[in-house]
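For reference, the sequence and a predicted model appear below.
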Amino acid sequence: LFPSVVNLASHAEITSNATCGERGPDKFCKLVQHVDRRTDRGQQCGICDQFSRNPSERHAVENAIDGRGDRWWQSPTIDQGYQYHRVTLTLDLKQVFQVAYVIIKAANSPRPGNWILEKSTDGVTWSPWQYFATSDRECLLKYGKVASQLGAPNYKTDSEVMCTTYFSRLNPFQNGEIHVSLINGRPSAENPSFELVDFTSARYIRLRLQKIRTLHGDLMTLSIGSTQNDPSVTRRYYYSIKDISIGGMCICYGHASTCPTNTQNGLFHCACEHNTVGFNCERCAPGFHQYKWMPGNNGFQCEECNCHGHATECYYDPAVNERGDSLNTRGEYIGGGVCVGCRDGTAGINCQSCVDGMYRPLDVEADSSHPCLPCNCNAYDIDHIDAENDLFPGSCYCKVGYTGQQCDKCAFGYTGFPYCEPCPCNTS
């Protein structure tokens, strides 16, 4: 059982460390191949201003996940400074999900050149999902990875991280797309392993953009010997994203088919099945610990402990399982369930015996509502009572000098019941 994959980005919060027009109007121009530098003929330019009354001039980061497609986020151009090659977008999904894919659609600029897609479960520790670079050499020098070949990736492990140049090509100049599949092609894609679930689990997703894809025209200057870059060129280089889609689902470990939203806190919560409980169905329900919890990928279901109706709580003990001491509900000594809080005078791993001072008659079954009866022993003369190990249920273990099923007479060599002292006989 697995919940449906949904677009998690539509419920996320997104931030950026740089957006065009945050400090006033910024002029930008689309990247077109033929521009007359003397007349600017051929340029398609616009203004980005986050304070503009015109909505079409505001390119806030929230536009990247609003699902509209006619609005977009845009970074400052490198005309504002080369530091804007390095821009970071961070999405907070508000809870941990298993992410299956990420799709990014550029707007009025080429796709990013060098960048890293990263994930985190706590917002502090980050790890890469995939590297992107403009060339095989950049993959190796920047990220220490041999660039992957074209076509469907063939991962060697469930957590292998690759570098690709396919999505960093200059063309198209706008509306390019980036598709990242995090599960397909992995060794355990059909039956996700703990390694794959851990690798794809994320609450925070980060796009760490590090190099704008350019025509190298940003190196052009206004005149020979000048150190000032030509703004007709540098205004054409910036990032823009009109849509980010994050396909993911609740992590329910194969124990839920739906994951509805909690109306009180707005979070998704697994509708657990297979006798499991927890935010992610990550443990067995109380009383269902006959076997150690496992994901439901292979049909595992938590099973009820056999407490013969005398307890509702139990726990799994691997040592009990190894010894084969626990009886399951099918009458087999398989599993490691140990009952807790046995009632009705019962005791034992399965509440199958009686506490000290009580016994179960031979003709009474363990699942009887009141299986244990008090032992009728002389309270002054018993040493202890152990009905489970007695040869005859209800027999008493007598002190020295006493005998009888209820310790109600003196043993041979003793006299004076109920005090039973040694006989004053001359043994010689």
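Nice, thanks for sending it over. Just so it is clear, the model here is predicted, and its values are computed rather than measured.

what's the burial count for residue 184?
Burial measure for residue 184: 11 neighbouring residues, criterion other C-beta atoms under 10 Å. (Glycine included, C-beta is placed from N, CA and C.)

Check residue 134 too.
By other C-beta under 10 Å, 19 other residues sit near residue 134.

Wait, a helix at it?
No: if the criterion is DSSP: H, G, I helix; E, B strand; the rest coil, then residue 134 is coil and not within a helix.

how much space between it and residue 240?
Taking C-beta to C-beta, to the nearest Å as the criterion, residue 134 is separated from residue 240 by 18 Å.

Give the helix, strand or coil label for residue 79.
Strictly by three-state DSSP, residue 79 counts as helix.

so how many other residues sit close to residue 135?
Counted with other C-beta under 10 Å, the neighbours of residue 135 add up to 14.

Neighbouring strands of the helix or strand where residue 248 lies in the sheet, and parallel or not?
Using DSSP states H and E, residue 248 falls within strand 240-249. Partners of strand 240-249 in the sheet, by DSSP bridges, are strand 6-7 (antiparallel), strand 73-74 (antiparallel), strand 87-106 (antiparallel).

Beyond the last one, next helix or strand please.
Later in the chain than strand 87-106, the nearest helix or strand by DSSP H and E is strand 114-120.

if you average pLDDT over that following strand, what comes out?
Strand 114-120 shows a mean pLDDT of 98.

Could you list the buried residues of it?
For strand 114-120, the neighbour count (16 or more other C-beta atoms under 10 Å) marks 114, 115, 116, 117, 118, 119, 120 as buried.

Need the contact partners of whatever helix or strand comes next after the strand holding residue 248.
Heading C-terminal from strand 240-249, the first helix or strand you meet, by DSSP H and E, is strand 276-277. Contact partners of strand 276-277, identified using C-beta atoms under 8 Å, 6 or more residues apart in numbering, comprise 253, 255, 282, 283, 284, 285, 286, 293, 296, 302.

Give me the buried entries from the residues you listed.
253, 255, 282, 283, 284, 293, 296, 302.

Out of the residues you listed, list just those in strands.
Within those, residues falling in strands by DSSP state E are 283, 284.

Taking the buried ones among the contacts of strand 276-277 together, which two end up most distant?
Farthest pair in those (C-beta to C-beta) is 283 and 296. Separation: 12.6 Å.

for the stretch 151-300 of the chain, which spans come out with low pLDDT?
Scanning the stretch 151-300 of the chain with the threshold set as pLDDT under 70 gives 151-152, 216-229.

Run through the helices of it in chain order.
194-200, 231-234 (DSSP state H, counting those that start in this stretch).

Comparing those, which comes out most buried?
Comparing the helices of the stretch 151-300 of the chain by mean neighbour count (mean count of other C-beta atoms under 10 Å), helix 231-234 ranks first with a mean of 20.

CA atoms only: put that one into PDB for me.
Taking C-alpha atoms only, helix 231-234 is exported to PDB below (Å, rounded to 0.1, in the frame of the first residue of the first chain):
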ATOM      1  CA  PRO A 231      25.500  46.300 -19.400                       C
ATOM      2  CA  SER A 232      23.700  45.500 -22.700                       C
ATOM      3  CA  VAL A 233      25.300  42.100 -22.200                       C
ATOM      4  CA  THR A 234      25.300  41.500 -18.500                       C
END
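
that older thread, right, and the helices of the stretch 151-300 of the chain - which one's nearest residue 306?
Of all the helices of the stretch 151-300 of the chain, helix 194-200 sits nearest to residue 306, with 29.2 Å by C-beta to C-beta.

Can you list the helices and strands that that closest one packs against?
Packed against helix 194-200 by the contact rule (3 or more C-beta pairs under 8 Å, 6 or more residues apart in numbering; DSSP states H and E) you find strand 87-106.

buried stuff in the strand it packs on?
If you call a residue buried by 16+ other C-beta under 10 Å, then strand 87-106 has these buried ones: 87-91, 93-106.

Averaged pLDDT, it. What do you get?
Computed over strand 87-106, the average pLDDT equals 96.

ok now it, how far from the chain's centre?
Relative to the chain's own centre, strand 87-106 is displaced by 15 Å; criterion: C-alpha atoms, centre = their mean, to the nearest Å.

Can I get that strand as PDB, trimmed to CA atoms?
Output in PDB follows, covering the C-alpha atoms of strand 87-106 (Å, rounded to 0.1, in the frame of the first residue of the first chain):
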ATOM      1  CA  VAL A  87      21.500  32.300  -5.600                       C
ATOM      2  CA  THR A  88      19.700  29.900  -3.400                       C
ATOM      3  CA  LEU A  89      16.000  28.900  -3.300                       C
ATOM      4  CA  THR A  90      14.700  26.900  -0.300                       C
ATOM      5  CA  LEU A  91      11.400  25.100   0.000                       C
ATOM      6  CA  ASP A  92       9.900  24.000   3.300                       C
ATOM      7  CA  LEU A  93       7.400  21.200   2.800                       C
ATOM      8  CA  LYS A  94       6.400  21.600   6.500                       C
ATOM      9  CA  GLN A  95       6.900  17.900   7.200                       C
ATOM     10  CA  VAL A  96       9.000  15.000   5.900                       C
ATOM     11  CA  PHE A  97       7.900  13.300   2.800                       C
ATOM     12  CA  GLN A  98       9.300  10.700   0.400                       C
ATOM     13  CA  VAL A  99      10.100  12.700  -2.800                       C
ATOM     14  CA  ALA A 100       9.800  10.800  -6.100                       C
ATOM     15  CA  TYR A 101      10.700  13.600  -8.600                       C
ATOM     16  CA  VAL A 102      11.400  17.300  -9.000                       C
ATOM     17  CA  ILE A 103      10.500  19.200 -12.200                       C
ATOM     18  CA  ILE A 104      11.700  22.800 -12.700                       C
ATOM     19  CA  LYS A 105      10.500  25.000 -15.600                       C
ATOM     20  CA  ALA A 106      12.500  28.100 -16.600                       C
END
